[in-house]
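>>> The following comprises the amino acid sequence and a computationally predicted model.
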Amino acid sequence: MNPLCSRCDKVVYPTEKVNCLDKYWHKGCFSCEVCKMTLNMKNYKGFDKKPYCSQHYPKTSFTIVADTPENLRLKQQSKMQSQVLYKEEFEKSKGKGFSAVADTPEMQRVKKMQDQISNIKYHEEFEKSRMGGEGLPTDNFTSPGFQQPTHSPNFNYDPQPVRSAAAPPPPSSGGKCFRAVYDYAAADEDEVSFADGDLIVDVQQIDEGWMFGRVERTGMQGMLPSNYVQPI
């Protein structure tokens with residue numbers, strides 16, 4: 001049985017049938033609801049299961065919510081609930097403190113340098129107060145292997161370990177083998193540069209912060225920081 005046209009309610013035969021928008025139409029009846037322009041499957045636009053041309057297609061718009069007492073009450077309730085949740089999260093995280101900084105060899109070296117400089121400053125201030133402000137030479141309280149920082153309030157110090165000038169380079173044979181765990185660029189002529197993963201041979205310990213060794217990849221030898229390598 002042939003269906004009826006959604007526009008004219010007459011029988012639609014297969015040769016003139018258009019099946020669209022869950023309905024059946026005559027080809028001539030498949031037209032815009034407003035201007036009655038005949039449409040096809042390529043240029044129609046459906047809205048509420050009715051065909052429209054692009055010119056008369058209903059424009060959707062946002063609905064403005066009336067600022068009624070009920071809406072104001074819901075808005076205030078949502079705001080208060082958000083503040084309660086914020087305070088709960090704040091109280092939970094208040095005792096946790098800041099996230100821990102990764103305890104890398106670089107951070108350990110900087111922390112140690114800061115501790116020793118603080119110790120030097122403490123001794124200087126203690127001696128000045130004991131001697132009535134005259135103070136003693138700061139060389140008496142300088143830790144081995146580190147240079148005395150300047151007394152300028154805006155001084156900057158190099159975070160890398162400072163070598164002791166009195167330590168002579170050890171012989172370059174019979175030492176241990178180490179592997180570099182960080183890249184290092186030589187800062188002085190008697191230092192040696194290396195890359196992460198390089199093999200350091202003939203290593204001799206000079207002090208707590210520095211070693212003497214030879215980079216097997218380049219054949220260069222010199223001073224290197226001990227916290228940039230690890231023993232094999």
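Cool, the structure landed. Treat the numbers as computed from the prediction; the structure is a model and nothing was measured.
>>> Hmm, Glu33 is touching Cys53, no?
No: in this structure, Glu33 is not within contact of Cys53 by CB atoms under 8 Å, at 9.0 Å. Where C-beta positions appear, they are placed from N, C-alpha and C, glycine not excepted.
>>> And these two? Which one has more around it.
Cys53 (18 against 15; other CB atoms under 10 Å).
>>> excluding its backbone neighbours, what's nearest the more buried one?
Distances taken as CB to CB, 6 or more residues apart in numbering place Cys32 nearest to Cys53, at 4.2 Å, with adjacent residues excluded.
>>> what's around that neighbour, how many residues?
Around Cys32 there are 20 residues (other CB under 10 Å).
>>> wait, isn't it in contact with Phe47?
No: between Cys32 and Phe47 there is no contact under CB under 8 Å: 10.8 Å.
>>> residue ranges of the helices in the protein, please?
69-94, 105-130 (DSSP state H).
>>> Residues that sit against both of Cys32 and Phe47, list them.
Counting by CB atoms under 8 Å, 6 or more residues apart in numbering, Cys32 and Phe47 have no shared contacts at all.
>>> so which of the helices of the chain gets nearest Lys10?
helix 69-94 (50.1 Å; CB to CB).
>>> quick check: mean pLDDT across the closest one?
Helix 69-94 shows a mean pLDDT of 78.
>>> looking only at pLDDT, what's the mean for stretch 122-139?
The model assigns stretch 122-139 a mean pLDDT of 62.
>>> how is the chain carved up into domains?
The record's domain parsing of the chain by automatic domain parsing lists 1-59, 111-159, 176-231.
>>> Columns distance to Asp67 on top of these, output as TSV?
Listed next are those as TSV, based on distance: least, CB to CB, whole Å:
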stretch	distance to Asp67
domain 1-59	25
domain 111-159	58
domain 176-231	62
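>>> least reliable of those domains going by mean pLDDT?
domain 111-159 - the lowest mean pLDDT of those, at a mean of 60.
>>> how deep is Phe47 tucked in, by neighbour count?
13.
>>> beta partners for it?
Assessed by DSSP bridges, Phe47 has beta-bridge partners Lys50.
>>> roughly how far apart are it and Glu33?
9 Å (CB to CB, to the nearest Å).
>>> same check, this time on Thr104
From Thr104 to Glu33 the distance is 72 Å (CB to CB).
>>> can you give me the strands for this structure?
For the chain, applying DSSP state E gives strands covering 17-20, 23-26, 45-47, 50-52, 176-180, 199-205, 210-215, 221-225, 229-231.
>>> nearest to Ser78, of these?
strand 45-47 (33.8 Å).
>>> now stretch 53-60, how far from the centre of its chain.
47 Å (CA atoms, centre = their mean, to the nearest Å).
>>> what does that stretch contact?
By CB under 8 Å, 6+ apart, stretch 53-60 touches Cys32, Glu33, Val34, Cys35, Met37, Leu39, Asn43, Tyr44, Lys45, Phe47, Tyr52.
>>> what's near enough to touch Leu39?
Phe30, Ser31, Cys32, Pro51, Cys53.
>>> Pipe these into CSV and attach distance to Ser129 per row.
As requested, those are arranged in CSV below (distance: CB to CB, whole Å):
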residue, distance to Ser129
Phe30, 101
Ser31, 101
Cys32, 97
Pro51, 96
Cys53, 94
